[in-house]
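K.L.:
sequence and predicted structure below; questions after.
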Amino acid sequence: MSLLEVQHLAKSFGGVRALDGVSFSLDAGRVHALIGPNGAGKTTLFNLITGMLAPTSGRIFFRGQEVTGLPPEALAALGIARTFQNLQVFLDMTVRENVLVGCHLRLERRLHACLLRTPSLRRAEREARERADRLLRELGLDRYAEARADSLPYGALKRLEIARALAAEPVLLLLDEPAAGCNERETAEIGELLRSVARGGPTVLLVEHDMRLVMNLAEHILVLDHGRLLAEGPPERIRRDPQVIEAYLGRHGQVTDGVAQG
């Protein structure tokens, strides 16, 4: 059984068809990438998978259960987490507090437990703090734990958003341009971090424009173009696919060592 299965997914905005009958499946335990030219429908697809938009038609299955049209909070509770291209951290909170926000789905939230501060709730809060501190160490953010998020360098903020998503213990983690705006050193750090996350962690689906990062990291790549699935497969096949090269670069382009050249 596939972890995520998308069947004939379509989304229209007025007369504009942003997605047009997209179908694919993702296996668990792998790093998948979603690429395509600007306007290909990548963000729309992410928003449909995470419940931020409802599809015009088509169906989505997660772990064999249909989740089409479920709201984001319900999908998050099932194990789907995401980050955003534009930072969504709480800048006036500390780094640790930001990560603890991501732990809230695993806390007991029944009214009587909150009012009475039951032992199970106190234990869950302690475990959440321990998990937050462990994630801060693993993502190289422990030295910033008590600092306000707005004091962090940009690369650290991108890692903080990933840490907060991981705090919810997702089964599927969707990353929307995790290296966007990062310099070469920060991009390399994000790449190493994602390799570490993928080892024994959640299944990863990322959207990213840095082709070197994608080709070095992803095991399976989906290519969108004008709302349709143009190609899919391992990096070796995708970098040599004539349709992919033409979609990105025109007929005379080529892809060398994972880097688009024209």
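P.N.:
Arrived safely, thanks for sending. Numbers count the residues shown, from 1 in each chain.
K.L.:
so where's the stretch 101-250 of the chain shaky on pLDDT?
P.N.:
Confidence mapping of the stretch 101-250 of the chain against pLDDT under 70 gives the ranges 105-118, 121, 249-250.
K.L.:
mind listing the strands for it?
P.N.:
172-176, 203-207, 220-225, 228-233 (DSSP state E, counting those that start in this stretch).
K.L.:
how far does the third one sit from its chain's centre?
P.N.:
Here the centre of mass of C-alpha atoms in strand 220-225, compared against the chain's by C-alpha atoms, centre = their mean, to the nearest Å, lies 15 Å away.
K.L.:
likewise the last one?
P.N.:
Strand 228-233 has its average C-alpha position 19 Å from the chain's average C-alpha position, going by C-alpha atoms, centre = their mean.
K.L.:
tell me how far residue 145 lies from residue 153.
P.N.:
Relative to residue 153, residue 145 is positioned 15 Å away (C-beta to C-beta, to the nearest Å). The way it works is simple: take the backbone N, C-alpha and C, and place the C-beta from them, glycine included.
K.L.:
the more surrounded of these two?
P.N.:
Relative neighbour count places residue 145 above the other of residue 145 and residue 153, with 15 against 10, counting by other C-beta atoms under 10 Å.
K.L.:
setting the sequence-adjacent residues aside, check what's closest to the more buried one.
P.N.:
Computed as C-beta to C-beta, 6 or more residues apart in numbering, the closest residue to residue 145 that is not its neighbour in sequence is residue 96, at 4.6 Å.
K.L.:
repeat that for residue 74.
P.N.:
Closest residue in space to residue 74, ignoring its immediate chain neighbours: residue 51 at 7.0 Å, by C-beta to C-beta, 6+ apart.
K.L.:
my guess is the one you found meets residue 70, correct?
P.N.:
Yes: counting by C-beta atoms under 8 Å, residue 51 does reach residue 70; the two are 5.3 Å apart.
K.L.:
test my guess that residue 210 contacts residue 183.
P.N.:
No: in this structure, residue 210 is not within contact of residue 183 by C-beta under 8 Å, at 11.4 Å.
K.L.:
which of the two has more neighbours?
P.N.:
Using other C-beta under 10 Å as the criterion, residue 210 and residue 183 rank with residue 210 on top: 21 against 11.
K.L.:
name the nearest residue to that one, ignoring sequence neighbours.
P.N.:
residue 179 (5.3 Å).
K.L.:
return the residues in contact with residue 94.
P.N.:
Listed by C-beta atoms under 8 Å, 6 or more residues apart in numbering, the contact partners of residue 94 are 145-149.
K.L.:
by neighbour count, which of those residues wins?
P.N.:
Most neighbours among the contacts of residue 94, by other C-beta under 10 Å: residue 149, with 20 neighbours.
K.L.:
wait, it touches residue 98, no?
P.N.:
Yes: counting by C-beta under 8 Å, residue 149 does reach residue 98; the two are 5.7 Å apart.
K.L.:
shared neighbours of those two, anything?
P.N.:
Contacts common to residue 149 and residue 98, judged by C-beta under 8 Å, 6+ apart, are 89-90, 160.
K.L.:
list only those of those flagged as buried.
P.N.:
Neighbour counting by 16 or more other C-beta atoms under 10 Å classes 89, 160 among these as buried.
K.L.:
now the shared contacts of residue 149 and residue 98 as JSON lines including distance to residue 222?
P.N.:
Listed next are these as JSON lines, based on distance: C-beta to C-beta, whole Å:
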{"residue": "89", "distance to residue 222": "28"}
{"residue": "90", "distance to residue 222": "32"}
{"residue": "160", "distance to residue 222": "27"}
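K.L.:
closest one of the shared contacts of residue 149 and residue 98 to residue 29?
P.N.:
Minimum separation from residue 29 among these (C-beta to C-beta) is found for residue 160, which lies at 25.3 Å.
K.L.:
got the contact list for that closest one?
P.N.:
Neighbours of residue 160 in contact, by C-beta under 8 Å, 6+ apart: 89, 95, 98-99, 139, 141, 144, 149, 152.
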